[in-house]
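Student: Sequence first, predicted model second:
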Amino acid sequence: MEKISFLEKVNSYFNSSDSKIIDGLSYSSDSLFIFAKNDGKSLIVAENNDHANRLYEELMFLNKNKNNSDEIILIPGSEEMPYDMVNSDKYLSSKKNLGLIQYIRSKRKKIKVITTSKNLQKKLIPREILNNETLSIKKYENIDIEYLKNHLISIGYMFSPQVNFHGEFSVRGSLIDIFPGGYEFPIRIDLNDVEIEDIKYFDTDSQITINETVVDEIHIVPIGNIILKEKNIINFRKQFREIFEGNPNNSEIYTSISNGIEPQGFNNYFPLLFNNTDTFFNYFEDIDNNILEINYPVNEYPQKVKSVGFDKNPEIAGRLWGIKGQYLIFDDGRVTNIRKHNGYEISLEI
C-alpha cells in the first residue's frame, strides 16, 4: 500500500469539496485549513492582531516543509482611535505599509495575506502613491545621499545622531543607518564612494552589525499615512480651507503642515494631503478567494429569553448583544434562530 504523507492527507480532506461555507474550525484548525487550500492568492481577515499573529506564525511553520511554498504576508491593524490626537504606533503603521508593498511588488503566484477586520474600515494612502514613495535599496547600486535624506524626512523619518527606534536614520561618513518601517532590526549601509557596498542589520543596544545577516534589498516605506512633499502640503492647504470655516492661520494643524511640520495626532487629517484615498480592497482587487472569520463575543447572557422569528415578525430591530452559533441575542432578551429561517430573503440595516 502506498504511503500517504501528512500534507497529502490534509490536502485531500480540505479540498474534496467546492463549498465556500466553512464551519467548526477551532484552535489551530483554521491555520491548517488555510494552509491546505490550493488558492493562488488569498486574503485572510482575522479578528484582531493576536489572532493574525497566531495565524502568521502557524502558517510560516507549516510552510517550511511545503514544496513550492506560498508567500505569507502579515499586515497588522494599527490601534489609533477616531479623533484621538495621539500619533499612531510607528511599528504597526509602517508594518502595514511594508506588507502592502510586499504584496504589490511580489512576483509570486501563491500569496496568503493576513490582516485584521479593523484594517478593512480604514482609509489608506493611494496605492500608486505608496508604491512611488517607497524606496528599494539594493547592493551595488549608486545612491544620492542628499536625495535620500530629504526623501526620508518627507515620508516620516527623523534624523538622529544614533538610530534606536523605527523611523530614525543617521549619516556618518560612508555609513548610513536606517530603521526601516516594519522591519525587526535597523540596517547599516556601507558605501564605497556613492555605491552601496554592503547592507547589514545591526543591534540597537550595542550598535554592532549582525555579520551573519546580509540583506540584498530593503524596502523603505513611509512610516505612516503622512507624506509631506510640497505638492501634498499645497493639496492640504487647499482642501482645509474648503472644508473648515474661519481663518485657517488660527489653526495649529494648518500652520504646522504649511511649514512642513507634522503636528501631534495629524493622522486624522491625512486624507487632505491627497486628491483621493484608497481602501484595503483597492490593494487586493486581483484576489477572488477571501476567507473571513468573525468572532462576535457575548458579553452578557439574558436572564429571560424570548424566541422571535420572521414568520410572525416581518421586522426585528434592536441592539445586538452577541452571536452564539446560529442565535442572534438582543439586549432585551429576544433571541432569533437564523438557521430556522433557511430560504428566507431578508435585508439588513445598521
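Tutor: Great, that's in hand. Quick caveat: nothing in here was measured; it's all calculated off a predicted structure.

Student: what's the burial count for residue 185?
Tutor: 15 (other C-beta atoms under 10 Å). In short, each C-beta sits where N, CA and C put it, glycine included.

Student: and residue 267, what is it in contact with?
Tutor: By C-beta atoms under 8 Å, 6 or more residues apart in numbering, the contact set of residue 267 is 80, 87-88, 224-226.

Student: hang on, it in a helix?
Tutor: Yes - read with DSSP: H, G, I helix; E, B strand; the rest coil, residue 267 is one of the residues of a helix.

Student: Out of the contacts of residue 267, which two are the most distant from each other?
Tutor: In terms of C-beta to C-beta, those reach their longest pairwise distance at 80 and 226, which sit 12.4 Å apart.

Student: which regions of the stretch 51-200 of the chain sit below the pLDDT cut-off?
Tutor: Scanning the stretch 51-200 of the chain for pLDDT under 70 picks out the ranges 65-68, 80-84.

Student: Could you report the neighbour count for residue 92?
Tutor: 19.

Student: What are the neighbouring residues in contact with it?
Tutor: By C-beta under 8 Å, 6+ apart, the neighbours of residue 92 are 49, 76-79.

Student: ok, and for the helix or strand it falls within, which residues are buried?
Tutor: Element membership for residue 92, per DSSP states H and E: helix 90-105. When burial is assessed from 16 or more other C-beta atoms under 10 Å, helix 90-105 yields the following buried residues: 90-103.

Student: Stretch 276-286 now?
Tutor: Within stretch 276-286, the residues that count as buried by 16+ other C-beta under 10 Å are 277-278, 280, 283-284.

Student: what do you get for stretch 115-133?
Tutor: 115-119, 124-127, 129-130, 133.

Student: In CSV, list those residues along with distance to residue 108.
Tutor: Rendered in CSV, the data for those read as follows (distance: C-beta to C-beta, whole Å):
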residue, distance to residue 108
115, 18
116, 22
117, 25
118, 26
119, 21
124, 22
125, 23
126, 24
127, 18
129, 24
130, 19
133, 23
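
Student: Following element in sequence after the helix or strand hosting residue 329, please.
Tutor: For residue 329, the enclosing helix or strand under DSSP H and E is strand 327-330. The element immediately downstream of strand 327-330 (helix or strand, assigned by DSSP H and E) is strand 334-337.

Student: tell me the mean pLDDT over that following strand?
Tutor: The predicted model gives strand 334-337 an average pLDDT of 87.

Student: other SSEs contacting it?
Tutor: Packing contacts for strand 334-337, counted by 3 or more C-beta pairs under 8 Å, 6 or more residues apart in numbering; DSSP states H and E, involve strand 306-307, strand 327-330.

Student: who's in contact with the last one?
Tutor: Right, strand 327-330. 298, 301-302, 316, 318-323, 335-338.

Student: So, low pLDDT: which residues of the stretch 251-350 of the chain?
Tutor: The stretch 251-350 of the chain contains residues with pLDDT under 70 at 288-297, 299, 325, 347-350.
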